[in-house]
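> below is the sequence, then the predicted model.
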Amino acid sequence: MQRIARLRELSGAKALLALKCFSTWSVFPLMCQYMDGSTSSSLHEVKLGFQKFGGETHAYSVAFAAHEIDEVLANSDKVIFNSLGQLARFGTAAHATHKPVGLRVNPGTSNSPYLLADPARPHSRLGEADPDKIAAVIDQLSGFMFHNNCENRSFESFDHMLGQIEARFGHLLQSEGIAWVSLGGGIHFCDEGYPLEQLAARLRAFADQYQVQVYLEPGEASITNSATLEVSVLDINVNGKQLAIVDSSTEAHMLDLLIYNLPARIEPNTGEHAYLVCGKTCLAGDIFGEFRFEAPLQVGDRISIQDAAGYTMVKKNWFNGVGMPSIVVARLDGTEELVQSFGFDDYVNSLS
Ligand SMILES: Cc1ncc(COP(=O)(O)O)c(C=O)c1O
Ligand SMILES: NCCCNCC[C@H](N)C(=O)O
């Protein structure tokens, strides 16, 4: 949070929490002291941001539905449409409510190491790519959103891609009616060693050159290493390797591990005793990863899985009916506060 506040101070950019990454609203009262507001991906997210985070609320969706657009506009300060079709359908309503209207632009370049999360993938549906088509409607717009960074730890890569955006769309950014530009999320400026000052200078120079307010939409960068998934060992077995079954699941509680074929992170991951730490669902591949421990694991042992805030609670599900982890906030004064727990009724009510 302090790094985000510093980036805002140095660059003049505004930082909006990307709710798609993290929506655990019980900690929003802390986060909103360091950020300017939130950005969303749906009617539910925009209402959550408007009601629980406050500040400036941006509404974006790949596609709004006619029955929701009025409520979206009532719960947002800016609305960003994903396509010219959506702009044509709902732009008038937005103007009628005096909401600044933006358009997502697909710059056709991304650093994403995952095709699955690459907004510039072939045949991408994410944003408009043709500068001439955008120019034809620019009088309806006051801003743009470009999201093409994904886990980008390289300032040079960000700088290069921003240069590509300027080369292809700079003439549109200089249009008189364009007052703001969001550069999306995926910039990992909170990682140790990231040249925050260089990023800030680049953002400020961009804002000055085009006379626009710059926005960033940090998801991961807002919550990196800020949460753990606390699990307990239920059973120990062996099948060529030591197996530790825990009271959780990758598919239900850390889905991105399966989606992106990544291991969890357990520290210090040292010692002579190696185990596959496995989930308790029927999915054969429900495995957090292989880790080393200083002592043999026992039933009842507690294991902390690191960096568990991003794209976890927002993606959690009741697969196999596995008990849902409670949400506990470790307050800055050292106390731990149980803010939410889930039981059978939540499971049953999620199904019909
Ligand atoms: C439009 C937009 N903004 C922000 C984000 C947040 O990205 P990250 O969590 O990588 O910072 C995403 C992620 O998909 C996004 O699609
Ligand atoms: N560790 C893999 C996570 C990839 N995150 C992609 C986030 C992006 N904002 C998206 O949702 O596509």
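Good, I have the coordinates. Ligands and ions are numbered 1, 2, ... in the order given.

> kindly report the residues of this structure close to ligand 1.
Contact residues (Cβ under 6 Å from any ligand atom) of the chain with ligand 1: 18, 20-21, 147, 150, 184-186, 217-221. C-beta: built from backbone N, CA, C; applies to glycine.

> report whether stretch 81-101 contacts ligand 2.
No - using Cβ under 6 Å from any ligand atom, we find that stretch 81-101 stays clear of ligand 2, coming within 14.0 Å at best.

> and for Leu126, the neighbour number?
Neighbour count for Leu126, taken as other Cβ atoms under 10 Å: 18.

> count the neighbours of the residue lying closest to it once chain neighbours are set aside for me.
The spatially closest residue to Leu126, leaving aside those adjacent along the chain, is Pro119, at 4.4 Å (Cβ to Cβ, 6 or more residues apart in numbering). Look at Pro119: counted by other Cβ under 10 Å, it has 22 neighbours.

> in a helix, that's where Phe90 is, yeah?
Yes - looking at Phe90 with DSSP: H, G, I helix; E, B strand; the rest coil, it is inside a helix.

> got the phi and psi for the residue lying closest to it once chain neighbours are set aside?
Once flanking residues are discounted, Phe90 sits nearest to Ile69: 4.9 Å by Cβ to Cβ, 6+ apart. In terms of degrees, to the nearest 10, the main-chain angles of Ile69 are phi -60, psi -40.

> next one: the one 10 residues further on
According to degrees, to the nearest 10, the main-chain angles of Val79 amount to phi -130, psi 130.

> ok, it - contacts?
The neighbourhood of Val79, defined by Cβ atoms under 8 Å, 6 or more residues apart in numbering, consists of His58, Ala59, Tyr60, Val72, Leu73, Phe90, Ala94, Lys99, Pro100, Val101, Gly102.

> per-residue confidence for the residue of the chain found nearest ligand 2?
Per Cβ to the nearest ligand atom, Ala117 is where the chain lies closest to ligand 2, at 3.8 Å. For Ala117, the model assigns a pLDDT of 97.

> same deal with Val328?
98.

> would you confirm that it contacts Glu337?
Yes - the pair Val328 / Glu337 is scored as a contact, 6.6 Å apart, by Cβ atoms under 8 Å.

> neighbour count for the two, which is higher?
Using other Cβ under 10 Å, the more surrounded residue of Val328 and Glu337 is Val328, with 16 against 10.

> just the residues contacting the helix or strand where the more buried one lies, thanks.
Assigned by DSSP states H and E, Val328 belongs to strand 327-330. With Cβ under 8 Å, 6+ apart as the test, strand 327-330 has contacts from Thr24, Ser26, Val27, Met313, Glu336, Glu337, Leu338, Val339, Gln340, Ser341.

> list the buried ones in it?
Residues Ile327, Val328, Val329 are the ones in strand 327-330 that count as buried (16 or more other Cβ atoms under 10 Å).

> what's the next secondary structure element after it?
That would be, after strand 327-330 and using DSSP H and E, strand 336-340.

> next up, the contacts around Phe50.
Listed by Cβ under 8 Å, 6+ apart, the contact partners of Phe50 are Thr57, Asn75, Ser76.

> and Val246, by the same measure?
Val246 sits in contact with Val231, Ser232, Val233, Leu234, Val277, Cys278, Gly279, Lys280, Phe288, Ile303, where contact means Cβ under 8 Å, 6+ apart.

> ok so, going back, how many other residues sit next to the residue of the chain closest to ligand 2?
Residues near Ala117, counting by other Cβ under 10 Å, number 15.

> which residue packs closest to it, ignoring adjacent ones?
Distances taken as Cβ to Cβ, 6+ apart place Cys150 nearest to Ala117, at 5.2 Å, with adjacent residues excluded.

> quick check: the one you found touching Thr109?
No - look at Cys150 against Thr109 with Cβ under 8 Å: they stay out of range, at 11.7 Å.

> after the lengthiest helix in the chain comes which helix or strand?
Taking DSSP state H as the criterion, the chain has its longest helix at helix 155-173. Next along the chain after helix 155-173, taking DSSP H and E as the criterion, comes strand 180-182.

> what's in contact with that following strand?
Contacts to strand 180-182, defined as Cβ under 8 Å, 6+ apart, come from residues 16, 39, 58, 78, 80, 100, 102, 142-147, 173, 206, 210, 212-217.

> off-centre distance for that strand?
How far strand 180-182 lies from its chain's middle: 18 Å, per Cα atoms, centre = their mean, to the nearest Å.

> related to what we said a few turns ago, put the buried members of the contacts of strand 327-330 into a ChimeraX selection.
Here is the ChimeraX command that picks out the buried ones among the contacts of strand 327-330, judged by 16+ other Cβ under 10 Å:
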select :24,27,313
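
> TSV please, covering the contacts of strand 327-330 and showing distance to ligand 2.
Formatted as TSV, these follow (distance: Cβ to the nearest ligand atom, whole Å):
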residue	distance to ligand 2
Thr24	17
Ser26	22
Val27	20
Met313	14
Glu336	27
Glu337	28
Leu338	28
Val339	25
Gln340	23
Ser341	27
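
> all set now, cheers.
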